[in-house]
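1. please find the sequence and the predicted model below.
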Protein chains: 2
Amino acid sequence: MMINTPKIRLYIDDNIETEQIITLNEKQSHYLVKVMRLNISDLVLLFNGRDGEWVSEIKSFEKKSVVLKLVKCIRIQEEQTNLWLAFAPIKRGRIDLIAEKATELGVSRLIPVITAHTQTTKVNTARLRANANEAAEQCNRLTVPEIIEPISLKNFLSSWPLGRILLVADETGGGAPILDIIGRSGRKENTAYTLLVGPEGGFSSEELDELSKLPFVTKIDLGPRVLRAETAVVAAISVIQAVSGDWQNDKV
Amino acid sequence: MMINTPKIRLYIDDNIETEQIITLNEKQSHYLVKVMRLNISDLVLLFNGRDGEWVSEIKSFEKKSVVLKLVKCIRIQEEQTNLWLAFAPIKRGRIDLIAEKATELGVSRLIPVITAHTQTTKVNTARLRANANEAAEQCNRLTVPEIIEPISLKNFLSSWPLGRILLVADETGGGAPILDIIGRSGRKENTAYTLLVGPEGGFSSEELDELSKLPFVTKIDLGPRVLRAETAVVAAISVIQAVSGDWQNDKV
């Protein structure tokens, strides 16, 4: 059977196997019917972050949902990266950008970390998850990042995974240029890095002292200009991916 | 005279010299008076992209303007980078992000380029300039990027400056990993690069063919995921700055 690859890609929670019937939620159904104006027999790509990418066919339109039948797996599941992002929550809009961009750039875990100067402690993780899932749909990723509930900086640091390196974006200039740090590993792929980016007010001097003492922490510098938090996230992750991440591989 | 460095930084068009009187425009005056609630004798940093950074003192409040007197130069003018960004205009919001992020990352010239699949040909360059100037204020930059009027891809390519390299972000996977390209120069600082990022629909195949034939063009690849235009901009510029740009220098 020849299939033209459908353009529309949706993330679903359901398990996926051949001939299974999938009922989409109201929002995704609205998108297919009202925005994209699809019809019975049209094809849609589905992925759940675990079972690869599948072509599915629209079988029926219910009152507030679209029913599809899974046809064929066209991409096998890819592995998650080893790249995690920890970030102090910032205001709505900018925090949405962090979730979207980190997903586009292949981060596998998003960890909101509450620091001394963090302006907000309420984090809408459902909203972050929705932004991340939409970004995964759009950027052709087969996985979605895991979104962790907010955690204090102290608790974040207290149970550190063995072998993982914490790169702290230090606005005070206390770090070495990121390339000097990442480049050291000699382009080993998939080194387990976590990037930590602080809030608008930066880290407190006590926090920076505390971080300096930890054996798994390396402070990095992102150039002579003061970057907004979401810019620092994209900038640092891009350099990590380009030097020691999956930018050296072929297109998936 | 000891001066605590003021926190507020404003970009002005005026020439700057000692004891000169500066009258701010309505928007900046509103910001100082109504948002930041400054008073007579309070200090503000001013820069014009040519004459360094100056401490100024508020002398009077007029009806819709604030009058300041220049006191002292505290940073001498820095040079512009050699890094230019050419980009297909995208929708409002996202194009604002391009101007803001490119400025934060040190781009010295922004060139809107109209390609075959560009969705919009109207570009509000005044708005881009305002976004760039505000980003320069916020990121502690002493220069502001030059904003060029929109130009067709053909005209953009037809009068190419000698020695400048055009890096084209090729979504079709036709490029080499950006690090392989930028890394070749062996961290020479301030190589004259222009980054070109296409519209949402990518470049047409004719455009890609045409670009391939030009001796100053190198196609780059930004990893296995499909990046939005503004993400590609931040990602590529960050890698360029980290490897061959000013991220190797100390904080200004």
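-> Yep, that arrived. Residues are numbered from 1 along each chain as shown, chains lettered A, B, ... in the order given.
2. burial check on the residue of the stretch 1-150 of chain A found nearest chain B, number of neighbours?
-> Using Cβ to the nearest Cβ, the single residue of the stretch 1-150 of chain A nearest to chain B is A:Cys139, 4.3 Å away. (Each C-beta comes from the backbone N, C-alpha and C, glycine too.) Using other Cβ atoms under 10 Å in any protein chain shown, A:Cys139 has 21 neighbouring residues.
3. and A:Val71, by the same measure?
-> A count of nearby residues for A:Val71, using other Cβ under 10 Å, gives 17.
4. hang on, the earlier thing: just the pLDDT for the residue of the stretch 1-150 of chain A closest to chain B.
-> In this prediction, A:Cys139 carries a pLDDT score of 95.
5. what do you get for A:Asp246?
-> On the pLDDT scale, A:Asp246 is placed at 89.
6. how much space between A:Ala135 and A:Lys59?
-> Using Cβ to Cβ, to the nearest Å, A:Ala135 is found at 28 Å from A:Lys59.
7. the more surrounded of the two?
-> Shown here are A:Ala135 and A:Lys59; by other Cβ under 10 Å, A:Ala135 has more neighbours (24 against 14).
8. quick one: residues contacting the more buried one.
-> If a contact means Cβ atoms under 8 Å, 6 or more residues apart in numbering or on different chains, then A:Ala135 has A:Ala99, A:Glu100, A:Lys101, A:Thr103, A:Glu104, A:Arg141 as its contacts.
9. with neighbour count and distance to A:Lys27 as added columns, please give these in a markdown table.
-> Below are these laid out as a markdown table (neighbours: other Cβ atoms under 10 Å in any protein chain shown; distance: Cβ to Cβ, whole Å):
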| residue | neighbour count | distance to A:Lys27 |
| --- | --- | --- |
| A:Ala99 | 28 | 17 |
| A:Glu100 | 22 | 17 |
| A:Lys101 | 27 | 22 |
| A:Thr103 | 28 | 18 |
| A:Glu104 | 26 | 21 |
| A:Arg141 | 28 | 19 |
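10. which of those residues are close to chain B?
-> Contacts with chain B within the contacts of A:Ala135, as defined by Cβ under 8 Å from any Cβ of the partner chain: A:Lys101, A:Glu104, A:Arg141.
11. residues contacting the second one?
-> Translated: A:Glu104. Here A:Glu104 is in contact with A:Ala135, A:Gln138, A:Cys139, A:Arg141, B:Arg225, B:Val226, B:Leu227, B:Arg228, B:Thr231 (Cβ under 8 Å, 6+ apart).
12. just the pLDDT for it.
-> For A:Glu104, pLDDT reads 98.
13. which residue comes closest to it once chain neighbours are left out?
-> A:Cys139 (4.6 Å; Cβ to Cβ, 6 or more residues apart in numbering or on different chains).
14. again with A:Arg228
-> Nearest-residue entry for A:Arg228: B:Glu104, 6.6 Å, with adjacent residues in sequence omitted and distances by Cβ to Cβ, 6+ apart.
15. who's in contact with stretch A:68-79?
-> Contacts to stretch A:68-79, defined as Cβ under 8 Å, 6+ apart, come from residues A:1, A:3, A:5, A:16-22, A:24, A:43-46, A:50-59, A:142-143, A:252.
16. Throw together a ChimeraX command that grabs the buried residues out of those.
-> To isolate the buried ones among these in ChimeraX, judged by 16 or more other Cβ atoms under 10 Å in any protein chain shown, type:
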select /A:16,22,24,43,44,45,46,51,52,53,54,55,56,57,58,142,143
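17. may I have the phi/psi pair for A:Leu43?
-> Torsion angles at A:Leu43 (phi, psi; degrees, to the nearest 10) stand at phi -110, psi 150.
18. that one and A:Met36 touch, don't they?
-> No: counting by Cβ atoms under 8 Å, A:Met36 is not a contact partner of A:Leu43; they are 11.8 Å apart.
19. which stretches in the stretch 51-200 of chain A count as helices?
-> For the stretch 51-200 of chain A, the helices defined by DSSP state H, counting those that start in this stretch cover A:94-104, A:125-139, A:153-158, A:178-183.
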